[in-house]
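**Q** Here you go, sequence then predicted model.
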Amino acid sequence: MSDLDDDADFRALGEAALRRRRLWLAGILGNLLVFAVLVGGPYARGRARAGEARERFSDFVACLWAAEPDPRHGLTLPADDLESYADAASREGWPTDCLGALDALSPAPVFWLFPDTRAAEEDLRRAVAMTRREVIAASEPRAFDDPIPMRPRLATLRVAAALGIFCRRADHALDLEAPAVRLRSAARHAHPERVPLRAMEEAEVEMRPWAEGVELFALDRRGVSWSRVGGGRVDHRRLRRPRLVRGAVRDTRGMPWLIWATPDERCGDECARQSMGLAALVAAALVAPSPSWLAAHPLAGERLDATVTIDREHVWVIAVVEGGDAELRRFRRPDATNASDRTPSLDPASDPASDPTSDPTSDTASDTASDTASDTASDTASDTTSDTASDTTSDTASDTTSDTASDTTSDMASDPASNAPIPQAAALRIPLGAARPTWLRPGEALWWAEGEEHRWANGEVRRRVATEPEAWGHRGALRWELREDLTLLHDDGRRWVLPRPPSEGSAGGWEVQVATGPAGAGVVVRDARGVLHAARCAAACGAWVAVAGSEDAPRRVPRRHVAAAFLGDALVIAYARGPAQAVVVRRLGARLEPPSVPAPCFREGEVRDAPAGMCGAPIIAGDETRVIVGAREGEDVLVVESEDGAAFCSLRGLR
């Protein structure tokens, strides 16, 4: 009896244990199900929505950049994306044709997500809405040289940041560093290289090819900036501008020289008794060099190189004399070693130093100036070189020294025996009044007075036909006659006569650019309306062609926004329609090529609301093999180059 009771009890206990195990199992499974529903579900849903948003972000960026989505669907932009962005901006319908892809990127609001993921998704929707407004605002029609709106790109980066936070909230293991798109091909716009200059915005920048790179030189009211780029290196100098420095000129070998002269308003009627200082600015200079003083005061004018020129052995100055007239004087160059009193040849080909590829600032042609600069740097600025070169507040000592040297030597030369004018075969006295000396090179001066052209060479004065105002270029001069035909003068003595351009307004309101090269010369004329016409002269002069601002090319150009240079036998013209407009380049060879924009100009920058990129007044230089185009951006210069004047690339001297 007791055994049966024990068996029944055991069975009851087993059934109760089984029920308890099932209950526990049901509770565990229920908790797991609740966990899966309340935790795993929002996690999986958030991760899936993040992955879908990344794919849609890649689609939107691919549309905006005209690229292909990257299979990794990252959130970064590829390197040098700005040029591809500028290429896509030239597409008709850009960027409004990407609104569909942008709207698909905005996720619909849902509840079944983690609170932080749901908040990040809401931030993403707000970023997408902001980007939509920017895309619509950037959809107005633009001309090909109008600045490209940067705000859609900046808004896209804001979307990428919001999407990155959303993806991190959804899953920390997601790879977000990969690029969102792959660029399909090389961009049509070139990537401009930034060359440091540290010059003030009002400084006039001179640019010329140097080796495989470029050389920039600028003189502003506070200092001298000099940068050289080549061989993958950048050599930059910033020197304090000494007091009484009027400007700078280059000698026949391309070396820059600083020119000291008392301001005309300061010396008044005593200018004829003042001296002129000059010093070579060599590559090794750490501070501004000390000047050598000559018994001459250069005639005032818009261009200093119209009154001062320097060859291998002599310095030529159109100097002010008593009575208000001027006189051409010749001095022995301060660093000339075997100088003679002979007048140099008028043929530049006879001067081996005229090779533009040589580097005169680092060889024996400037030994004396280099010694002077290095001695000055070691004796007076060994402890303050960095302060002086960086243009800081050490004004008192340098200004006092400069003022003392300038003021005490302005009335007499330091060495009258060596700095007095060298006797000429026949003295040249220029009667001024209405005269304007406009042409000076070793052994020759050209000026206009009383309606006639006067030319002096080796002591001989000749007269030519009556003329009106003239214009200067980097290596040439232009004058037009009362008969309304123009005469173009090359610095090697060649002359071309071409008809008056079909420009409107008086000639006095014209702005003229003259460019010369070994193959010939060219002229670009901007009239008072902002219309550009150009002509190229080689064996003969071609016809005038409308470059910009005419009915065929309605692009009006403001003053000081045009430049020209020779590339081989072609004239390359660069211009901009305003400070916030892109630089446009046209090549004039056998025919005028269509306009092209070498590098992008953006309506606003990445860090400030101001135009960025290659915008505004262009800077140009060329030689037989390439042309270099630049534009100021802040204190620096953006530079691109081309071998044909049509297709541009980054400056190779930095690569």
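**A** Alright, I've got the coordinates.
**Q** Return the list of helices and strands in contact with the host helix or strand of residue 45.
**A** Residue 45 is part of helix 41-65 when elements are defined by DSSP states H and E. The contact analysis (3 or more CB pairs under 8 Å, 6 or more residues apart in numbering; DSSP states H and E) places helix 41-65 against strand 68-69, helix 81-89, helix 99-105, helix 115-137, helix 151-170, strand 181-182. (C-beta placed from N, C-alpha, C; glycine too.)
**Q** tell me the angle that helix makes with helix 115-137.
**A** Angle of helix 41-65 versus helix 115-137, following axes from the mean of the first three to the mean of the last three CA atoms, to 10 degrees, is 20 degrees.
**Q** now helix 41-65 and helix 81-89, what's the angle there?
**A** Using the same axes, to 10 degrees: helix 41-65 against helix 81-89 is 70 degrees.
**Q** re the thing from before, quick check: which of the helices and strands packed on helix 41-65 is nearest to residue 23?
**A** helix 115-137 (33.4 Å; CB to CB).
**Q** And the average pLDDT for that closest one is what?
**A** For helix 115-137, mean pLDDT rounds to 94.
**Q** Alpha carbons only: can I get it in PDB?
**A** Taking C-alpha atoms only, helix 115-137 is exported to PDB below (Å, rounded to 0.1, in the frame of the first residue of the first chain):
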ATOM      1  CA  PRO A 115      15.400  57.000 -29.000                       C
ATOM      2  CA  ASP A 116      18.900  58.200 -29.900                       C
ATOM      3  CA  THR A 117      18.600  56.600 -33.400                       C
ATOM      4  CA  ARG A 118      15.200  58.300 -33.900                       C
ATOM      5  CA  ALA A 119      16.700  61.700 -32.800                       C
ATOM      6  CA  ALA A 120      19.600  61.300 -35.200                       C
ATOM      7  CA  GLU A 121      17.200  60.400 -38.000                       C
ATOM      8  CA  GLU A 122      15.300  63.500 -37.300                       C
ATOM      9  CA  ASP A 123      18.500  65.600 -37.600                       C
ATOM     10  CA  LEU A 124      19.100  63.900 -40.900                       C
ATOM     11  CA  ARG A 125      15.700  64.900 -42.200                       C
ATOM     12  CA  ARG A 126      16.400  68.500 -41.100                       C
ATOM     13  CA  ALA A 127      19.700  68.400 -42.900                       C
ATOM     14  CA  VAL A 128      18.100  67.100 -46.100                       C
ATOM     15  CA  ALA A 129      15.400  69.900 -45.900                       C
ATOM     16  CA  MET A 130      18.200  72.500 -45.600                       C
ATOM     17  CA  THR A 131      20.000  71.000 -48.600                       C
ATOM     18  CA  ARG A 132      16.900  71.000 -50.600                       C
ATOM     19  CA  ARG A 133      16.500  74.800 -50.100                       C
ATOM     20  CA  GLU A 134      20.100  75.300 -51.100                       C
ATOM     21  CA  VAL A 135      19.800  73.200 -54.200                       C
ATOM     22  CA  ILE A 136      16.700  75.200 -55.300                       C
ATOM     23  CA  ALA A 137      18.400  78.500 -54.500                       C
END
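**Q** in that helix, what's buried?
**A** Judged by neighbour count (16 or more other CB atoms under 10 Å), helix 115-137 contains these buried residues: 117-118, 120-121, 123-125, 127-128, 131-132, 134-135.
**Q** Stretch 208-228 now?
**A** 208-210, 212-220, 223-228.
**Q** can I get the CA coordinates of that stretch in CSV?
**A** Extracted C-alpha coordinates of stretch 208-228, given in CSV (Å, rounded to 0.1, in the frame of the first residue of the first chain):
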residue,chain,number,x,y,z
ARG,A,208,57.1,84.8,-65.0
PRO,A,209,58.0,81.2,-65.9
TRP,A,210,61.0,79.9,-63.9
ALA,A,211,62.6,76.5,-64.6
GLU,A,212,59.6,74.1,-64.6
GLY,A,213,57.7,76.2,-62.1
VAL,A,214,56.9,79.9,-61.7
GLU,A,215,58.3,83.0,-60.0
LEU,A,216,56.1,85.6,-58.3
PHE,A,217,57.2,89.0,-57.2
ALA,A,218,55.0,91.7,-55.5
LEU,A,219,55.8,95.0,-53.8
ASP,A,220,53.2,96.5,-51.5
ARG,A,221,53.3,99.3,-49.0
ARG,A,222,54.6,97.1,-46.2
GLY,A,223,57.0,94.7,-47.8
VAL,A,224,58.5,92.8,-50.7
SER,A,225,57.2,89.3,-51.5
TRP,A,226,59.1,86.9,-53.7
SER,A,227,58.2,83.3,-54.3
ARG,A,228,59.8,80.6,-56.5
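**Q** residues touching residue 577, list them.
**A** 145, 548, 555-558, 561, 584 (CB atoms under 8 Å, 6 or more residues apart in numbering).
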